[in-house]
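A.B. asks: Sequence and predicted structure below; questions after.
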Amino acid sequence: MADLSLSPRSALAPFLHAGHHGAEGKIGVTLREVTACALVELTTFKGQKAALAQAIEKAFGVALPAANKSASKDGVTFVSVGPGKWLVTGEGAAEHDLIARLEEAASSLAAIVDQSDARAIVEISGHKARVALAKGVMIDLDPVAFKAGDAATSFAVQFWITLWQTNDTPTYRLAVFRSMGRDLLHWLESSAAEYGYEIDVSSHSISE
Amino acid sequence: MRIPCPFCGSRDSQEFSFLGQAGLKRPDPNAPDAQKQFHDYVHIRDNKAGVTKELWLHANGCRSWITVTRNTLTHEITGSEFASPLTKEAAQ
C-alpha cells in the first residue's frame, strides 16, 4: 500500500542555488528560506481582544504586539497583520505544538487557522539587505522609521507581503503566498546581485 | 498620493482599492417605492466638487475598509477612520 503520510515540502528548494552569486568578491546580502516553521493566523473574535491578549500573555509570556510591531519569545513570534489579526510563527521546539498551544490558550477567543503550507518565508540579512529590499518595498526601511521588532503588511513588486525585522544586522523576514515565493526570490536575487549575495541552504531540513 | 490608514499609518495609494461614496444606506426592499429607492442607491451619486467621504479598502495592507475624507478639488486628504466599528474595536 502506498505511503500516505504527509510531510512538509519546501516552497523554494528547487530554485535555491546554494553559494555565492552576483558581484564578485563580496557578500552584501544573505538569502535563506525559512523552513521548519509553523505558521498560524490568529484573528480575535468580536469583543474578545482584551481577553485574548491576557490568554496569550499567560500561555506564551509575550504581549500581543500593537499595529506595525512584532514580538517574540522562545521561538514563537507574533506579527501584527491587521486589526485584531496576527501571524504567528513557531520554530525549534515550538514548531510542532504551536497550533495546539494556541488552541488550548485561546480557542474560545480567536479563530486559529493553520497557514504552515500557505506561505513561503524568505530571510534576507546582511549590511546591504536594507538597500536591496528598499528597491521594491514601498515602506520606509530607514532605521529611524523601521527597526528590529517593527513589522508591516504592504505591497512589493506586485504582491502582498508581510515583512518584519528580526535584528539590527539587519535581518528581515518576508512572508508571501507560497505560489509567489519563486517570484519573490527571483526579485530578491536581481536586487541583491550588485552587492554580491549568498544563498544559504545550511538550515534546509525539508525534503525537495 | 498617500493615504493615512488608521491602522498602518501613511501608505502609498497603490496599496488601496477604491469603492466609492461612503455612507450609502441600503433601502428597505419592502418599501412601496423600493424600485425607485434602489435605483437611486445603485446609480445616483452626488459627484461633489469639494470635501467628500469615500470608502477605500487597504487591500495590500491590513485589509481593513476605511472611510477617507478627501477634497476632490485639491486631492487633499484630511482624515480617515475605520468604516466598521468592529474593526475599530479590534484595532484598539
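C.D. replies: Ah, there it is.

A.B. asks: A:Ala53 against A:Leu64, yeah?
C.D. replies: Yes: using C-beta atoms under 8 Å, A:Ala53 is in contact with A:Leu64, at 4.7 Å. Backbone N, C-alpha and C define where each C-beta goes, glycine included.

A.B. asks: higher neighbour count, those two?
C.D. replies: Remark: of A:Ala53 and A:Leu64, A:Leu64 carries more neighbours, 21 against 15, as counted by other C-beta atoms under 10 Å in any protein chain shown.

A.B. asks: list the contacts for the more buried one?
C.D. replies: Applying C-beta atoms under 8 Å, 6 or more residues apart in numbering or on different chains, we find A:Leu64 in contact with A:Leu52, A:Ala53, A:Ile56, A:Glu57, A:Ala71, A:Phe78, A:Ser80, A:Trp86.

A.B. asks: Please indicate which of the residues you listed are buried?
C.D. replies: Buried residues within the contacts of A:Leu64, counting neighbours by 16 or more other C-beta atoms under 10 Å in any protein chain shown: A:Leu52, A:Ile56, A:Ala71, A:Phe78, A:Ser80, A:Trp86.

A.B. asks: show me where chain A has strands.
C.D. replies: Listed in chain order, the strands of chain A (DSSP state E) span A:19-21, A:29-33, A:37-44, A:70-73, A:76-82, A:85-91, A:110-114, A:119-125, A:151-156, A:159-167, A:171-177, A:197-199.

A.B. asks: could you dump these to CSV with distance to chain B and mean pLDDT?
C.D. replies: Output for these, formatted as CSV (distance: least, C-beta to the nearest C-beta, whole Å; pLDDT from 0 to 100):
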stretch, distance to chain B, mean pLDDT
strand A:19-21, 29, 95
strand A:29-33, 23, 96
strand A:37-44, 6, 95
strand A:70-73, 14, 97
strand A:76-82, 4, 97
strand A:85-91, 8, 97
strand A:110-114, 10, 96
strand A:119-125, 15, 96
strand A:151-156, 4, 95
strand A:159-167, 5, 95
strand A:171-177, 12, 97
strand A:197-199, 26, 96
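
A.B. asks: Tabulate the ones you listed in TSV, adding columns for distance to B:Glu81.
C.D. replies: Shown next, in TSV, are those (distance: least, C-beta to C-beta, whole Å):
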stretch	distance to B:Glu81
strand A:19-21	47
strand A:29-33	39
strand A:37-44	20
strand A:70-73	25
strand A:76-82	16
strand A:85-91	18
strand A:110-114	24
strand A:119-125	30
strand A:151-156	19
strand A:159-167	23
strand A:171-177	28
strand A:197-199	43
